[in-house]
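**Q** Please find the sequence and the predicted model below.
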Protein chains: 2
Amino acid sequence: MEIKVALFEDNKKLCDSLEQLINSVEGMTCTGAFANANKLIHNMQLANPDVVMMDINMPGVSGIEAVKTIKEKFPNVHILMQTVFDDNDKIFAAICAGASGYMLKKTSPQKMIEAIRETYQGGAPMTPSVAVKVLEMFRLQTRVEKNEFIDLSEREKEILAMLVKGKSYKAIASECFISIDTVSTHVRHIYEKLHVHSKSEAVAKAIFQKLV
Amino acid sequence: MEIKVALFEDNKKLCDSLEQLINSVEGMTCTGAFANANKLIHNMQLANPDVVMMDINMPGVSGIEAVKTIKEKFPNVHILMQTVFDDNDKIFAAICAGASGYMLKKTSPQKMIEAIRETYQGGAPMTPSVAVKVLEMFRLQTRVEKNEFIDLSEREKEILAMLVKGKSYKAIASECFISIDTVSTHVRHIYEKLHVHSKSEAVAKAIFQKLV
DNA sequence: AATAAAATCACCAGTTCATGTGATTGCCGA
DNA sequence: TCGGCAATCACATGAACTGGTGATTTTATT
């Protein structure tokens, strides 16, 4: 059975040469090459690939967004990211979105083909520099991903942060130059938004939800 | 400049063949092959390697321990783990100890040499199955490492956990079938041990220190 | 057996919190 | 320009918490 590969790459030249490269390899076919991820679902159904090579930087729908969508709609498809950048944020986002591999574009054609094959087999090929960053992030327990502040106002976020630091209403009032009653009112609103009824619940929720 | 490689591998046969393999490669020398990590520092000084290949399972000092020591005393040395197992715990421990790469022993000689070279260049070669596990763990934010409970008694831990869940003294008292005064006493002791003075501080500390 | 923790309970005074009700001001979008 | 929201303040009450003192019983540890 041939490995069916779909390409998403906005650089026309690179896109073409990758397509040729893939088609030149025994046991591999490029069933679709697209310059953007706009008609993603449609194109995915057309190409029906086993492996997707996704450029991370594309006009319109970003590669990261596309990965999320693909993983949602076609969970069995393995995705190999390719990019010229290897910054932590992008890597992190791609991995979390569900990408299996992450190769820099400067990778040699042979290595790229090998990576596609490895991706198809359920592996996680990574350019050395990326692998290192992943391990680093892993070690550092990168818990950077924060779900946005539920919908607290700036003042509320500020006060919630102070609650987490263990400050009392009185301390907050004096630090913020507002009255203790105002603090109380803000806290009341925070409780409503977080659906809690005590300082410690709010603190726990704030921390777990990474609201601070 | 030749890449100097030191081996730590208790399987004599494998150790010998690896040594031969390394020495047969252009630009690579095995400057030491040891069956265990007992005289680690001494042997490391003898071999003065750029890259260490470390078996994870050795009699005496474990490979993981050895990695820690090496990273401490010789921080510039890159370490490539090798093992027959690829269970999550071992991988996790090895990475956290500071290993750069992680290869299964069944890896082909060519791949192994390539991995050594990649390790030397500061990369992080991983057997596909390992790479996948690392990414999985990464995604799951494996925060398995728990620093032991500072020194709280069982009861105190139990009550602290309930505080984190936002329970009131009254609720804790009734759930634990003890009086509210007892709860108060326990909480007082918890505060003393954690050096805090309020419920929310205790909760925040408990969460951040992963005491729960 | 003796000493040291841990767990239990009690009483109490002062502080802080949770929550209800109500009000004023300023800003922004419809 | 009107309505809504954020931010501010006030008053009030009952509940919850903090911390001090003191005591008994069980469980470890030496």
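**A** Arrived safely. Residues are numbered from 1 along each chain as shown, chains lettered A, B, ... in the order given.
**Q** which stretches of chain A have low pLDDT?
**A** Counting by pLDDT under 70, the ranges of chain A that qualify are A:88, A:132, A:134-151, A:210-212.
**Q** how about 50 then?
**A** Filtered on pLDDT under 50, chain A yields the residue ranges A:141-149.
**Q** The longest helix that it contains near DNA strand C anywhere?
**A** For chain A, the helix reaching the highest residue count under DSSP state H is reported as helix A:180-194. Yes. Contact check for helix A:180-194 against DNA strand C, using Cβ under 7 Å from any atom of the strand: residues in range are A:181, A:184, A:185, A:187, A:188, A:191. Any C-beta I mention is one placed from the backbone N, CA and C, and that applies to glycine too.
**Q** of these, closest to residue A:76?
**A** residue A:191 (43.8 Å; Cβ to Cβ).
**Q** Just give me the neighbour total for the closest one.
**A** The criterion is other Cβ atoms under 10 Å in any protein chain shown. On that basis, residue A:191 has 16 neighbouring residues.
**Q** now do the one 3 residues further on
**A** Using other Cβ under 10 Å as the criterion, residue A:194 is surrounded by 19 other residues.
**Q** Show the contacting residues for it.
**A** Listed by Cβ atoms under 8 Å, 6 or more residues apart in numbering or on different chains, the contact set of residue A:194 reads A:150, A:201, A:202, A:205, A:206.
**Q** Can you say which two of these are spatially most distant?
**A** Maximum pairwise distance among these (Cβ to Cβ): 14.0 Å, between A:150 and A:201.
**Q** quick one: which of the two has more around it?
**A** residue A:201 (22 against 16).
**Q** Could you say which helix or strand holds that one?
**A** According to DSSP states H and E, residue A:201 maps onto helix A:199-208.
**Q** Which positions in that helix come out as buried?
**A** Of the residues in helix A:199-208, those scored as buried under the neighbour-count criterion (16 or more other Cβ atoms under 10 Å in any protein chain shown) are A:199, A:200, A:201, A:202, A:203, A:204, A:205, A:206, A:207.
**Q** residues of the longest helix of chain A that come out buried?
**A** Neighbour-count burial for helix A:180-194, with 16+ other Cβ under 10 Å as criterion, is recorded at A:182, A:183, A:186, A:187, A:190, A:191, A:193, A:194.
**Q** residues contacting the first one?
**A** This means residue A:182. Contact analysis of residue A:182 by Cβ under 8 Å, 6+ apart lists residue A:173.
**Q** likewise the second one?
**A** Going by Cβ under 8 Å, 6+ apart, residue A:183 touches A:159, A:169, A:172, A:173, A:176.
**Q** Strands along chain A, start to end?
**A** In chain A, the segments counted as strands under DSSP state E are A:3-8, A:28-34, A:51-55, A:78-83, A:101-104.
**Q** Might you calculate how far the helix holding residue A:201 sits from the centre of the chain?
**A** For helix A:199-208, the separation from the chain centroid amounts to 26 Å (computed by Cα atoms, centre = their mean, to the nearest Å).
**Q** Out of the contacts of residue A:183, which end up buried?
**A** For the contacts of residue A:183, a burial check counting by 16+ other Cβ under 10 Å picks out A:159, A:169, A:172, A:173.
**Q** Up against DNA strand D, what does chain A have?
**A** Within chain A, the positions near DNA strand D by Cβ under 7 Å from any atom of the strand are A:151, A:153-156, A:176-179, A:181-182, A:184-186, A:198.
**Q** now, which of the residues you listed sits nearest residue A:19?
**A** Of these, the one sitting nearest to residue A:19 (Cβ to Cβ) turns out to be residue A:151, at 45.6 Å.
**Q** on that earlier part again, tilt between the longest helix of chain A and helix A:199-208?
**A** Between the axes of helix A:180-194 and helix A:199-208, defined by axes from the mean of the first three to the mean of the last three Cα atoms, to 10 degrees, the angle is 60 degrees.
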